[in-house]
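# Whatever this is, show me its structure:
(one chain, ligands or ions: 1)
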Amino acid sequence: MHELGIVFEIQKRVTAVAQENGLSLRDIAQVVVEVGEASTIVPRYLKECWPAATDGTEMQEAELVVEVLIAKVRCKKCGTVYEYLKNHKKCPACGAWECVMVTGQEFNIKEIAVFEGEEE
Ligand SMILES: [Zn+2]
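Below is the predicted model of the structure:
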């Protein structure tokens, strides 16, 4: 399970973004990440690792939201773009197997939301 390493990577990137924007880590309410369906990351494990990795840190109040991006590929023969897993990896238009990945292997931090209107 490499998800814990990924969670630490998310924390590192969020920390960097917070510093760049003059935000305190305590102000972060939500971190939204995008994970491609064809990536090796399991969203459920990410979510399970998150509390363990953030517990006792300044980010412990932040919630992790994982959005899964559908894997799409383009057929090398006819150029059709189709959903890779839904079509069992085969082009629905011409039946070819050769394709190029268009989306589905991403791993991005999409959004960092901060708590609003809560003065301490
Ligand atoms: Zn095709």
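# Chain neighbours aside, what residue packs nearest to Thr103?
Of all residues beyond its chain neighbours, the one nearest Thr103 is Lys72 (4.9 Å), with distances taken as C-beta to C-beta, 6 or more residues apart in numbering. (C-beta placed from N, C-alpha, C; glycine too.)
# Phi first, then psi, for that neighbour.
Here is the backbone geometry of Lys72 (degrees, to the nearest 10): phi -130, psi 140.
# Verify the contact between it and Gly104 for me.
Yes - counting by C-beta atoms under 8 Å, Lys72 touches Gly104, with 6.2 Å between them.
# related to what we said a few turns ago, can you count the residues close to the residue nearest to Thr103?
Around Lys72 there are 19 other residues, counting by other C-beta atoms under 10 Å.
# List the buried residues for stretch 59-67?
Neighbour counts over stretch 59-67 (16 or more other C-beta atoms under 10 Å) mark Met59, Ala62, Leu64, Val65, Val66 as buried.
# Quick one: mean pLDDT over it.
For stretch 59-67, mean pLDDT is 96.
# Ok, stretch 5-20 next?
Mean predicted confidence for stretch 5-20 is 94.
# Many thanks, have a good one.
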